[in-house]
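Trainee: curious how this folds, go ahead:
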Amino acid sequence: MREGDDLADIAWKLVAVNLSDLAAKGAEPIGVLVSHMLGDGDERFIAGLGEILDRYDVPLLGGDTVSAEGRRAWGCTAIGRATSSPVPDRRGARSGDAIYVTGVVGAAMLGFEGVGEFEEAYLRPEPLLSEGIALAPHINAMMDISDGLLLDADRMARASCMTFALQSARIPVEDKARFDDCVRWGDDYQLLFTAAPETTLPIVATRIGSVLDKGPTPLLLDGASPAANRPLGYQH
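Mentor: Here you go, the predicted model:
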């Protein structure tokens, strides 16, 4: 988040990004634990926290509050229950699978930069819980896109010991003139997943490539390794 962002938005995003991890596992939320550092604007944090918990019908199970000096910090742990077995993870992609993404990538980047119509995408991402639950029985690998489509596709390919071949023309981005930024920036919390190409998906998603047998590089974009003059995505 940016310095000066509304604490209500901080509370929303704190919980949302953790619920997105549950979505990537096809899990339904049981509740969240929130750690809060007391200070100015606590009432706004409480308001935002209440809004997202009400929106997704998730109980606050507990957590911790502290008072300290210096920059404030918050933490959240989301607890969920698997709805499908095996539980989806990033290791299950199979050669011949189709690669899909939900939604459009790049909206959070534009929101961060102050483009008004996209600010909600950055400040208040919506975890795709129902979509993850619907997909879980039908897919082979799944994760949420937090650090950029290219970086997270690379991670899934490596975990699955496969090569992911993406086609840029198929990837839905919010700003085609800034394609490279959109696929590297992250913070979109869409779902990236693979499934057998004959699978009838229960939700709308875009096929963006195919899974190949492991080759010299884990990720191909239009048949070549992505340009190495910048990181694939957000580096923590």
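
Trainee: what packs against the biggest helix by length in the chain?
Mentor: Longest helix in the chain, counting residues (DSSP state H): helix 7-23. Contacts defined by 3 or more C-beta pairs under 8 Å, 6 or more residues apart in numbering; DSSP states H and E place helix 7-23 against strand 27-37, helix 42-55, strand 74-82, helix 119-123, helix 129-135, strand 141-144. Just so you know, the C-beta spots here come from the backbone N, C-alpha and C atoms, and that holds for glycine as well.

Trainee: most tightly surrounded among these?
Mentor: strand 141-144 (a mean of 24; mean count of other C-beta atoms under 10 Å).

Trainee: that older thread, looking at the helices and strands packed on helix 7-23, which is closest to residue 185?
Mentor: helix 119-123 (10.2 Å; C-beta to C-beta).

Trainee: which residues does that closest one contact?
Mentor: 1, 5-6, 9, 12-13, 107-112, 187-188 (C-beta atoms under 8 Å, 6 or more residues apart in numbering).

Trainee: now the two most distant members of these.
Mentor: Of all pairs in the contacts of helix 119-123, the most separated under C-beta to C-beta is 6 and 188 at 20.5 Å.

Trainee: so which of those two has more stuff around it?
Mentor: Of the pair residue 6 and residue 188, residue 188 is the one with more neighbours under other C-beta atoms under 10 Å, namely 30 against 15.

Trainee: what's near enough to touch that one?
Mentor: Counting by C-beta under 8 Å, 6+ apart, residue 188 touches 103-108, 121, 125, 145-146, 149.

Trainee: need the pLDDT of it.
Mentor: With respect to pLDDT, residue 188 scores 97.

Trainee: and what about it, helix, strand or coil?
Mentor: In three-state terms, and counting by DSSP: H, G, I helix; E, B strand; the rest coil, residue 188 is coil.
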